[in-house]
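Okay, predicted coordinates and the sequence, questions at the end:
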Protein chains: 2
Amino acid sequence: MSSLAPSARTRVIREPQRAVYDRDIINQILDEGFICHVGFIVDGQPFVIPTGYGRIGDHLYIHGSAASRMLKNLSQTIPVCVTVTLLDGLVLARSIFNHSMNYRSVIVLGQAELISDRDEKMAALHALSEHIAPGRWDQSRQPNEQEFKATSILRLPLTESSAKVRSGPPNDDEEDHALNFWAGVLPLHMVPSEPIPDPQLRPGIPIPENVKHYSRSSKR
Amino acid sequence: MSSLAPSARTRVIREPQRAVYDRDIINQILDEGFICHVGFIVDGQPFVIPTGYGRIGDHLYIHGSAASRMLKNLSQTIPVCVTVTLLDGLVLARSIFNHSMNYRSVIVLGQAELISDRDEKMAALHALSEHIAPGRWDQSRQPNEQEFKATSILRLPLTESSAKVRSGPPNDDEEDHALNFWAGVLPLHMVPSEPIPDPQLRPGIPIPENVKHYSRSSKR
């Protein structure tokens, strides 16, 4: 288990007991999430855009078409915040004040950079694809030259990252335990339903096993 | 149906065919989401924090403990971006390039303001609570004076907002339809499982019906 010393910026100030700086836990949350929310600044206004991402070792690769508009050329970088949040349940306390949610979230701060190296960009596209649906890369036509050029990928080091985790039952005040209200957790799960074949699918192509038995939690 | 003229900032530039400026649709997405991601700026660095929210008419009320640290006093405002994203499915195309996700997202830009008016703050707390679990306000102890003061709520007008929606099957290039790859959509749903009573729950308190039969889509 490796651990990151929090920087002044990633140190969790509000509810520090929920803070996690362990890289294994940070990686687990990043690998389980589907999408991230990327924050960047344009003319003093923050923007937050949902987008796909993938992880390779100590770097996050994010689909950068929106944020990359901010980069005038490949040698620049822009400050971003990438946040991945997994919602695990509603925490229903006896008091309104102690209502909460069970969640796991990761925040990564840093300078995002457009990838120009060909091999790294192809590896990143592979990581983005496998992140969403493991095995999918080999079940699809891979990018041609034009598509490859049309895709912007941003790289962000995981150096400055932290996680926040809340789990378990409500934390009601001691005196509220006597109240006649129900309290507990309503767990929430992101689950797939039956795959819907493309109306234009050629006849005789079965649903691949990895799609049929898609399960996020067993991904790694 | 009311419609918002997009501002230069909320006009969707990437994939404009997915843009929606209709307020009814924007409201539906906001009302179905559990959490939002709030973006704000500290010392030139964007931060993106997941938090709870509620809507009353033309305003969004967000749990502001993180972002409100930026506000030195009640008369100030800070520029924020609030993004709510609902993930509806994985779009598995024949080509890697046309892989996508089905989603509905709303972006609200504007100046967030700490609420000071007592009645408005209580109404906002009610909206935040009912947003997560309708009916919960009357099944809990309501905030006392100390809790009321300890909670920061930010208000953001919905004036400058836009939605982006992708739905339906993959959009593969015509020539890729001949390929022997499966293509289609894997729908995703956020669903509850069995409520878990608090280990300290007093005996004889049944699970409330609204928790037992919790369903997000039938919320409104």
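That came through fine. Numbering: from 1, shown residues only, chains lettered A, B, ... in the order given.

And stretch A:144-155, how far out from the chain middle?
21 Å (Cα atoms, centre = their mean, to the nearest Å).

Got phi/psi on A:Arg23?
Backbone dihedrals for A:Arg23, given as degrees, to the nearest 10, come out at phi -70, psi -30.

Neighbours of it, how many?
Number of residues near A:Arg23 (other Cβ atoms under 10 Å in any protein chain shown) recorded here: 16. For glycine as for every other residue, the C-beta is placed from the backbone atoms N, C-alpha and C.

Confirm that A:Asp24 sits in a helix.
Yes. Counting by DSSP: H, G, I helix; E, B strand; the rest coil, A:Asp24 is found in a helix.

What count of nearby residues applies to it?
For A:Asp24, using other Cβ under 10 Å, the count is 10.

How much space separates it from chain B?
21 Å (Cβ to the nearest Cβ, to the nearest Å).

Strands of chain A, residue ranges please.
For chain A, the strands defined by DSSP state E cover A:19-20, A:35-42, A:45-56, A:59-63, A:77-92, A:100-114, A:153-157, A:160-166, A:184-192, A:196-197.

want to try JSON lines for those strands, with mean pLDDT as columns?
Below are those laid out as JSON lines (pLDDT from 0 to 100):
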{"stretch": "strand A:19-20", "mean pLDDT": "78"}
{"stretch": "strand A:35-42", "mean pLDDT": "95"}
{"stretch": "strand A:45-56", "mean pLDDT": "95"}
{"stretch": "strand A:59-63", "mean pLDDT": "95"}
{"stretch": "strand A:77-92", "mean pLDDT": "96"}
{"stretch": "strand A:100-114", "mean pLDDT": "96"}
{"stretch": "strand A:153-157", "mean pLDDT": "96"}
{"stretch": "strand A:160-166", "mean pLDDT": "95"}
{"stretch": "strand A:184-192", "mean pLDDT": "96"}
{"stretch": "strand A:196-197", "mean pLDDT": "98"}
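
May I see these organised as TSV, with mean neighbour count added?
Listed next are the strands of chain A as TSV, based on neighbours: other Cβ atoms under 10 Å in any protein chain shown:
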stretch	mean neighbour count
strand A:19-20	18
strand A:35-42	24
strand A:45-56	21
strand A:59-63	24
strand A:77-92	22
strand A:100-114	22
strand A:153-157	23
strand A:160-166	21
strand A:184-192	18
strand A:196-197	16
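
could these be laid out in a markdown table, adding distance to chain B?
Output for these, formatted as a markdown table (distance: least, Cβ to the nearest Cβ, whole Å):
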| stretch | distance to chain B |
| --- | --- |
| strand A:19-20 | 13 |
| strand A:35-42 | 4 |
| strand A:45-56 | 4 |
| strand A:59-63 | 10 |
| strand A:77-92 | 4 |
| strand A:100-114 | 5 |
| strand A:153-157 | 12 |
| strand A:160-166 | 9 |
| strand A:184-192 | 4 |
| strand A:196-197 | 4 |
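
and the most far-flung residue of chain A relative to its centre, what is it in contact with?
Relative to the C-alpha centroid of chain A, counting by Cα atoms, centre = their mean, A:Ala178 is the outermost residue, at 39.7 Å. Contacts here follow Cβ atoms under 8 Å, 6 or more residues apart in numbering or on different chains; on that basis A:Ala178 touches B:Arg202.

and A:Phe47, what does it touch?
Counting by Cβ under 8 Å, 6+ apart, A:Phe47 touches A:39-41, A:66, B:39, B:81, B:107, B:109.

Actually, A:Ser116.
A:Ser116 neighbours (Cβ under 8 Å, 6+ apart): A:Leu74.

May I ask you to name the longest helix in chain A?
Across chain A, the longest stretch assigned as helix under DSSP state H is helix A:118-132.

hang on, the earlier thing: compare the strands of chain A and report which one is nearest to B:Arg216.
strand A:184-192 (8.9 Å; Cβ to Cβ).

returning to what we had before: what's the longest helix of chain A in contact with?
So helix A:118-132 is in contact with A:31, A:34, A:52-56, A:61, A:63, A:115, A:136-137, A:140, A:143, A:148, A:151, A:153, A:155, B:90, B:96, B:99, B:101, going by Cβ under 8 Å, 6+ apart.

between it and strand B:100-114, how big is the angle?
90 degrees (axes from the mean of the first three to the mean of the last three Cα atoms, to 10 degrees).

quick check: mean pLDDT across helix A:118-132?
Helix A:118-132 carries an average pLDDT of 96.

What residues sit buried inside that helix?
Buried positions in helix A:118-132, judged by neighbour count with 16 or more other Cβ atoms under 10 Å in any protein chain shown: A:121, A:123-129, A:131-132.

still on that earlier bit, mind giving me TSV with the strands of chain A and columns for distance to B:Met70?
Listed next are the strands of chain A as TSV, based on distance: least, Cβ to Cβ, whole Å:
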stretch	distance to B:Met70
strand A:19-20	20
strand A:35-42	14
strand A:45-56	11
strand A:59-63	25
strand A:77-92	14
strand A:100-114	16
strand A:153-157	23
strand A:160-166	18
strand A:184-192	30
strand A:196-197	44
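
so which of those gets nearest A:Ser215?
In terms of Cβ to Cβ, the element of these nearest to A:Ser215 is strand A:184-192, at 7.9 Å.

so what secondary structure elements neighbour that closest one?
Applying 3 or more Cβ pairs under 8 Å, 6 or more residues apart in numbering or on different chains; DSSP states H and E, one finds that strand A:184-192 contacts strand A:77-92, strand B:184-192, strand B:196-197.

ok, the longest one: who's next to it in the sheet?
Here strand A:77-92 is paired, per DSSP bridges, with strand A:35-42 (antiparallel), strand A:100-114 (antiparallel), strand A:184-192 (antiparallel).

follow-up on the earlier one: which of the buried residues of helix A:118-132 lies closest to A:Asp24?
A:His131 (17.6 Å).

any idea how far that closest one is from chain B?
Distance from A:His131 to chain B, counting by Cβ to the nearest Cβ: 11 Å.

ok, that residue to A:Gly52 distance?
To A:Gly52, A:His131 is 7 Å away according to Cβ to Cβ, to the nearest Å.

Now tabulate the buried residues of helix A:118-132 in a markdown table and tack on distance to A:Ser215.
Rendered in a markdown table, the data for those read as follows (distance: Cβ to Cβ, whole Å):
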| residue | distance to A:Ser215 |
| --- | --- |
| A:Lys121 | 29 |
| A:Ala123 | 25 |
| A:Ala124 | 25 |
| A:Leu125 | 24 |
| A:His126 | 21 |
| A:Ala127 | 20 |
| A:Leu128 | 20 |
| A:Ser129 | 18 |
| A:His131 | 15 |
| A:Ile132 | 13 |
